[in-house]
Structure formats: structure tokens, C-alpha cells
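Q: heads up, no residue letters with this:
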């Protein structure tokens, strides 16, 4: 992985329509002491003042340049995005990226930014940066920088905005970040209803590790797994796998089909559990889809409505997790807290449903292919009991060996 200050800043955009703005950004970066490589991602052939031509970028597409320069804007934009991601992935010197564009340029450039490791500077100056940027940023550390005026020529506003973005990236690529203590980074997934468990685990780990806690809101799980893929997390406490519920049932904090994919790919030591598998997340009560009328709900706050998972849904959730766990060849321990999987799932609480929980646990036990490396462990504790935190840490210590 390239570290800060280890190479040039890449300035990327469509030179056929935004050449003046891109050259201005490159000029400001150089004036601030940064080395620069300019990259053209225009979707039609033609000469370019960029260091890397659109043809060179397009040649990285699996279908070669003809797959990019189709003459159709929609297919060309998608193909150039794929080509740019492969081009950036082929470079070993990327210290930072500055992109300029409208909606099309943003769609081309941000996939390549997302593919870069966390920590490499990524600034996207975009006309769409003041709206919903989740599709562009996802679980990456892209800074979306609103262009204010259209990226359509230099003026008193665009010079300031683009110049500020260039100076920000110059600061990133020309300044080293002091190394942190050399402790292994451990990823932990947490939800509000599993906070006591995660807090207790972190306390028990003490200063032996660098704990990275991720809020299991859909993006949180993806962010943790991106860091695993990037080699920045050495082991995982996946205590709160609740994002799987939303993906399978239709909630708003959903994982993707690739949940646990990074664990399988990297084989990092993994300790998981059923934290908050009793719930699906929606927004305010009025936003809950009509097909769920009559279900058991809990108003977490005015903007978050929780729905209890049914027995049948718990079986489906367990089968998904079992399939994913079976693909993991590294050391795996998955712990089942039979006393309840969240603060709401306990005797006398709103989501207590021992039948649904038992269906979850039994399906996991039946469908996970257990080996010396991969084990499912049933424990007579609630997820937030101190004894369960003890068991999680013991399992983690075991998978380190």
C-alpha cells in the first residue's frame, strides 16, 4: 500500500470538457510542492494535454479501447469507470487523487477512488456533492467537495473552490502522518443494543490492540471489511451481524451479498456472533412498508423504528451466515448467546422470542460445516452479559494461535 507522501497526486477528469479546470488544479498542486500526474477520462477519442491520455486509460478495459469509445454516453461512462479503476489499480505510486466533474465525471472517477486503500487522499470536486453522496462514497474515505458553480470554466468561484481542494490534497501528499503505536488493529462491529458487550470486550483487550469499532449501519460493516481487504485489520470481533437482517428482510441498514467476503478472502482470525439479529431497521414509523403491518415494532427514537425478526426470517438469516462462514478457511469461532441477542431480546423485553432465537441458533449449528478451524459454540448467556464478553475474548485468543 502506498503511504502519504510516497508519490504523486493524480488529477483526473474529462480533458475534452474540463481541461482548463484540471490544469488549474494541477498548477495549484505543483505550486504547493506536490508532484502531479494528470489523467484524461474523456469518453471520446482525441488529443489531450494530460500526462495519461484517455486512450491509455481505456486500454485497461477488458474489452480494450473499443469497449469504451462506443459513441453512446451511457455505455461509455460505465466502461471508462471500469477502465479507470483498473488503471489506478495498476499504479504503485498513487499518493492521492483529485477528481473534477459533474454527475458523469463523478460516476467515472469515484469507483477508482473507492478501490484505493483507506488513508490515501481522495477528494472529488463535484456538482452533485451537496446531495446524497452514499452511492459515490460507500464505505470509502472520499471527501466530496461541492463545486458550488458548475465545473464548466474558471471563474472567481471555481478558482477558489478548486484551488482549496488542490491545496487540501497537497497537504495530504506532502506531509507524512506519524506512525501510531505498533499494535495490531482489531475490528469490532457494534450496534446500540450490543454496546455493553463491545465495550466490555474492548476493556478486556486493554492496550494490547488498537480497537476499531464500526457502527453496524450497513456502511459500517462494509467499511470494516474494506479495511480487512486492505490489510489494515488483523482480526475481527463481528459481534453485531445485524446488517444481514436488513439485507434479507428489507431494512434500511443493509449489508451487501459480500458480507463476510473479506473474511473469506483474507482468512483473518474471526470471532462472530448473533448481535442484534432480532431486528430490522426502518426510519420513522410512517416509512415502514405496508407489508409489515401487524408485526412487532419498537420505536428506538422518532427517526428509527425496529421490527422483530420472525422465526422464518431467523432461519433465512442463519442460512446466509452459515453459507458465508463455510467459505471462510481461516480460523473462525461463531458464538451463540442463547440468553438473547440484543438489549431488547431478553425475558420481559419487547423483542424476547425464544422460539425465533432457537430457530436461529439451531440452523447455524446444523448448517455451518464445523471443523478444527471453524466452530459454532452455544453459550447460556445474554449477548451483553460479562460472561459472554469473556467467552468472546477467549475465543479470540484461541484463533490467534
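A: Arrived safely, thanks for sending. Note that this is a predicted model, so its numbers are computed, not measured.
Q: who's in contact with residue 26?
A: Residue 26 makes contact with 11, 36, 38, 166, according to CB atoms under 8 Å, 6 or more residues apart in numbering. Backbone N, C-alpha and C define where each C-beta goes, glycine included.
Q: most widely separated two among the residues you listed?
A: Greatest spatial distance among those (CB to CB): 38 and 166, at 12.1 Å.
Q: more neighbours: which of the two?
A: Neighbours were counted for residue 38 and for residue 166 using other CB atoms under 10 Å; residue 166 has more, 27 against 23.
Q: that one falls within a helix, correct?
A: Yes. Per DSSP: H, G, I helix; E, B strand; the rest coil, residue 166 lies within a helix segment.
Q: and the nearest residue to it once chain neighbours are set aside, how many neighbours does it have?
A: Nearest residue to residue 166 in three dimensions, chain neighbours excluded: residue 28, at 3.8 Å (CB to CB, 6 or more residues apart in numbering). For residue 28, the count of nearby residues is 22 (other CB under 10 Å).
Q: report pLDDT for residue 28.
A: With respect to pLDDT, residue 28 scores 97.
Q: ok, it to residue 295 distance?
A: Separation of residue 28 from residue 295 (CB to CB, to the nearest Å): 55 Å.
Q: now do the contacts for residue 221.
A: Residues in contact with residue 221 (CB under 8 Å, 6+ apart) are 189, 214, 243, 255, 259.
Q: surely the second one is within a helix?
A: No. Residue 214: not assigned to a helix; according to three-state DSSP it is strand.
Q: and it, how many neighbours does it have?
A: As a burial measure, residue 214 scores 23 neighbours (other CB under 10 Å).
Q: all strands of the stretch 151-300 of the chain, in order?
A: Taking DSSP state E, counting those that start in this stretch as the criterion, the stretch 151-300 of the chain carries its strands at 185-190, 210-215, 235-238, 270-273, 279-282, 297-301.
Q: show me what the fourth one is packed up against.
A: By that I understand strand 270-273. On a contact count with 3 or more CB pairs under 8 Å, 6 or more residues apart in numbering; DSSP states H and E, strand 270-273 meets strand 235-238, strand 332-337, helix 386-399.
Q: outside of the last one itself, list whatever touches it.
A: With CB under 8 Å, 6+ apart as the test, helix 386-399 has contacts from 186, 197, 200-201, 204-205, 235, 237, 239, 269-271, 273, 331-333, 335, 337, 339, 377, 379, 381-382.
Q: give me the angle between it and strand 332-337.
A: 170 degrees (axes from the mean of the first three to the mean of the last three CA atoms, to 10 degrees).
Q: helix 386-399 to strand 185-190, inter-axis angle?
A: Going by the same axes, to 10 degrees, helix 386-399 makes 150 degrees with strand 185-190.
Q: from the chain's centre, how far out does helix 386-399 sit?
A: For helix 386-399, the distance from its own C-alpha centre to the chain's C-alpha centre is 26 Å (CA atoms, centre = their mean, to the nearest Å).
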